[in-house]
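Undergrad: output the structure for:
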Amino acid sequence: MTGPREEIMQTRRSFSKQTLATAVLAAGSILPARVLAAPAVKTVRLADQPGAEVDYAAVWIAEGLGYFEEEGIKIDRRSYANGPAAMLDFPNQSIDAVMAAIVPFMQFAARGGEFKLIMSLTKYNAPLVGPKKYTSYKELDGKRVGSPGIGTVHDAVLGYVEETQQIRLQHVFAKITDFAVMIEKGEIEAFIGWEPASATTIALNPALHYVAQLPPIPDMESLGLVFQPKIAKDDPDLIVRFVRATLRGVDFIKANSKEKTAELVAKKMNDAKAQPVVVNALGSVKLTDPRLDMPSTRILLKVIAKQGKIPPDLVADVDGWIGKYLDYSFLDRAEASLKKT
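TA: The predicted structure is shown next:
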């Protein structure tokens, strides 16, 4: 038989155990919620070019499938006429990141610009479009050929062709969206461009075709992703999350047919009927290698040095020069995190 004092002590012990159990259960219900909470949504002001949805398919597919949303990222798309135009705005911090070609990036660097080169997005991406009577660059010797800008990778390809095939082309600079009309008016004989703008032009004019769907440089480096150095310093995790979502888009492209990839890209274009055009355009690009192809990069930068677009001394050591801007640490972290899942 227990006395009053013992009953009080038992009651206290029972109450303490119940309180502790309740606290543990409460903590158990709260802590997982904190661990699983999505990161605060951040907007990335991302520059690209019009009619380039195929070129950046990995990014737009990742957006369409919700991968950026899962990473707490919202993309604010800002389209510029070409890569050089976007890089002109880059120093004033009005955009956070740019998707464009290695050539305008490095021309920007040659003028003293600063950026973090994060990854490659696209190889090739320089189809030559013209009337079906033309089947090679050489047949266009002396002709007027449309170029989407003096600072673009496409104009560098024309320079490479002139140098290696010993021909001379008349470079006619205009917006890529104007080339279809310019061909019809006879203002140019052909044009070099990106995708799906080039494939769309062919679909609208049966007299046209790919004179050369791929550039004459093996595995040619084309488009990449750069971020503001301030973001790389102050919020590196944002870049890792952006890259991780993009890599999931790359994995989708690897795992699925061109038709399925084209279906999602056509949705980004707000034109479901564009799927066959996108399938055709996918033959102009390689979208699954996130690291730069250095042999072709060396070729392109030496070409633009010969064209007088950058000082020749900068290409004496192309790898060393690019190494000042290229930072694979974000890509490495994103790849490692995906392997754990």
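Undergrad: in the stretch 101-250 of the chain, where is pLDDT below threshold?
TA: For the stretch 101-250 of the chain, no stretch is flagged by pLDDT under 70.
Undergrad: what ranges do the strands span in it?
TA: Secondary structure of the stretch 101-250 of the chain by DSSP state E, counting those that start in this stretch: the strands cover 116-124, 128-131, 144-147, 170-173, 190-192, 208-212, 221-227.
Undergrad: strands paired with the fourth one, and their directions?
TA: When pairs are called by DSSP bridges, strand 170-173 turns out to pair with strand 144-147 (parallel).
Undergrad: now do the helices in the stretch 51-200 of the chain.
TA: Assigned by DSSP state H, counting those that start in this stretch, the helices in the stretch 51-200 of the chain fall at 57-64, 67-70, 83-89, 102-110, 153-165, 179-184, 197-204.
Undergrad: and those helices: which comes nearest residue 235?
TA: Checking the helices of the stretch 51-200 of the chain against residue 235 by C-beta to C-beta gives helix 67-70 as the closest, at 15.3 Å. Where C-beta positions appear, they are placed from N, C-alpha and C, glycine not excepted.
Undergrad: residues in contact with the closest one?
TA: 38, 62, 74-75, 242, 244-245, 248-249 (C-beta atoms under 8 Å, 6 or more residues apart in numbering).
Undergrad: residues near residue 243, how many?
TA: Neighbours of residue 243 under the rule other C-beta atoms under 10 Å: 25.
Undergrad: same deal with residue 272?
TA: 9.
Undergrad: surely it and residue 264 touch.
TA: No - between residue 272 and residue 264 no contact is recorded; they are 10.7 Å apart, counting by C-beta atoms under 8 Å.
Undergrad: counting by contacts, list what the helix or strand containing residue 322 packs against.
TA: Per DSSP states H and E: residue 322 is located in helix 318-323. In this structure, helix 318-323 makes packing contacts with helix 102-110, helix 294-306, judged by 3 or more C-beta pairs under 8 Å, 6 or more residues apart in numbering; DSSP states H and E.
Undergrad: which is the succeeding secondary structure element to that helix?
TA: Helix 318-323 is succeeded, C-terminally, by helix 329-340 (DSSP H and E).
Undergrad: and that following helix, what's buried?
TA: Buried residues in helix 329-340, counting neighbours by 16 or more other C-beta atoms under 10 Å, are found at 330-331, 333-334.
Undergrad: of all those residues, which two lie farthest apart?
TA: Farthest pair in the buried residues of helix 329-340, by C-beta to C-beta: 331 and 333, 7.4 Å.
Undergrad: any idea how far residue 261 is from residue 279?
TA: 8 Å (C-beta to C-beta, to the nearest Å).
Undergrad: hmm, I was thinking of residue 308
TA: 39 Å.
Undergrad: domain ranges for the protein, per the record?
TA: Residue ranges for the domains of the chain, per automatic domain parsing: 42-124+220-340, 128-212.
Undergrad: picking that back up, give the residues shared as contacts by residue 331 and residue 333.
TA: residue 243.
Undergrad: more crowded one of residue 279 and residue 261?
TA: The residue with more neighbours, out of residue 279 and residue 261, is residue 261; 24 against 20, by other C-beta under 10 Å.
Undergrad: quick check: that one is in a strand.
TA: No - the assignment for residue 261 by DSSP: H, G, I helix; E, B strand; the rest coil gives helix, which leaves it out of any strand.
Undergrad: burial measure for the closest residue to it other than its chain neighbours, as a count.
TA: Nearest residue to residue 261, sequence neighbours excluded (C-beta to C-beta, 6 or more residues apart in numbering): residue 253, at 5.3 Å. Applying other C-beta under 10 Å, we find 21 residues neighbouring residue 253.
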